[in-house]
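Engineer: Let's see this in three dimensions:
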Amino acid sequence: MHAQPLRVLTLLVRHGTEKYPTAWQDLRAMFARQMPDVAHRMLVIDNSLPVGHGSDLDRGVELIGASNEDWEFSAWDRGIDHTGAKLHHYDLVHLATSAFAVSASDHLKLIDGGSLRSLLGFQGALGCIDSRREAFSIFGIGSQAWLRSSFILMTPRQLSSLGSLVSVGRDAPIFSGNPRQPFREDAPISQAYQQFLLHWLTGDGDGEEVIWHSRFDLTPETLPFFESKARAILNELMLTNRLLANGCELVDMTWLAQKVRAASSESEIDIPDWRVQISSRARVKRTLIQKLRRWLSKHMPRQR
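Structural biologist: Prediction:
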């Protein structure tokens, strides 16, 4: 007797097709290749189209429009509202953006149907855990690790428990309106994290910290974009904080894939601290390097 296919709904956010023209096709191909036993449907939410827009891109792929007021977070709200009660017809809901495969996407190659099925046994949200060396504070909440918002899976119940995914709106008391000192003195964000946001978005690349691939100079003209992008980053952090507050644990994709492949069907998998989970990535990288070196020593002639 065959098990019922796992039902997954992807809410994929994009802003037009100029930057990532084949995002939804690539994502659907990934599901078909790595998770052929999953019954997958997709709702593409385009922030460059009017809110009333609706059409079909392909069988099982619907397209709607949304405002870009709060980037992917308000778009996901639009997608959830559009789906309505049907959201709970699915086993898992997949939040994604068109940039899902851009940054360190090796972990995506590890995900499969077994990983998704194991997630149903957890009170957890699956994605790629990012972290900083030092803890910081936003809105009085200590943070150090979060799920990358470009690719997250959770149950419909966990998603519905959050309400709106916009945690930091335009009226949040964060910004001063002055590009020379963009944060208010009483902004509810630790000084260290304010400096990180400034450097990440507008830095010149000096020092140890990396900078955003689309960095820009902070001027009166770019200040609205800085505020908008910074709020999007804060919304990403607050999404994780709110999941944790609801008792939903962070599950790293690389760690879970390794555990599922190593465990027997009867084994229970306990979710360790996020630090333990992300340490598995270093082991995966070392294993790949070792395999490459063995292959090179076997197939490549030595230089004399």
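Engineer: End to end on stretch 86-96, go ahead and measure it.
Structural biologist: Taking CA to CA, to the nearest Å, stretch 86-96 runs 19 Å from one end to the other.
Engineer: neighbouring contacts of that stretch?
Structural biologist: Outside stretch 86-96, the residues that touch it by CB atoms under 8 Å, 6 or more residues apart in numbering are 6-13, 27, 41, 72, 76, 80, 116, 119-120, 149-157, 159-160. In this view, the C-beta of every residue, glycine as well, is placed from N, C-alpha and C.
Engineer: same deal with stretch 226-245?
Structural biologist: Outside of stretch 226-245, the residues that reach it under the criterion CB under 8 Å, 6+ apart are 70-73, 125, 138-139, 141, 143, 145-149, 152, 154, 158, 162, 165-170, 172, 174-175, 179, 182, 189, 197, 200-202, 216, 218, 250.
Engineer: Can you flag which of the residues you listed belong to helices?
Structural biologist: With helices defined by DSSP state H, the entries of those inside them are W71, E72, F73, Q158, L197, W200, L201, T202.
Engineer: Quick one, which of the contacts of stretch 226-245 are buried?
Structural biologist: Among the contacts of stretch 226-245, those classed as buried by 16 or more other CB atoms under 10 Å are 70-73, 125, 138-139, 143, 145-149, 152, 154, 158, 162, 165-168, 172, 174-175, 179, 182, 189, 197, 200-202, 218, 250.
Engineer: Report the contact partners of C248.
Structural biologist: Listed by CB under 8 Å, 6+ apart, the contact set of C248 reads Q123, G124, A125, M154, Q158.
Engineer: which of those lies closest to H107?
Structural biologist: Out of those, the one with the shortest distance to H107 is A125. That distance is 14.7 Å, counting by CB to CB.
Engineer: thinking again about what came up before, got the ones in helices among the contacts of stretch 226-245 as TSV, with distance to R33 columns?
Structural biologist: As requested, those are exported to TSV (distance: CB to CB, whole Å):
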residue	distance to R33
W71	29
E72	25
F73	29
Q158	27
L197	37
W200	33
L201	35
T202	39
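Engineer: With pLDDT and distance to A101 added, can I get those in CSV?
Structural biologist: Conversion of the ones in helices among the contacts of stretch 226-245 to CSV gives the following (pLDDT from 0 to 100; distance: CB to CB, whole Å):
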residue, pLDDT, distance to A101
W71, 96, 18
E72, 97, 15
F73, 98, 20
Q158, 97, 24
L197, 95, 25
W200, 92, 21
L201, 96, 22
T202, 94, 26
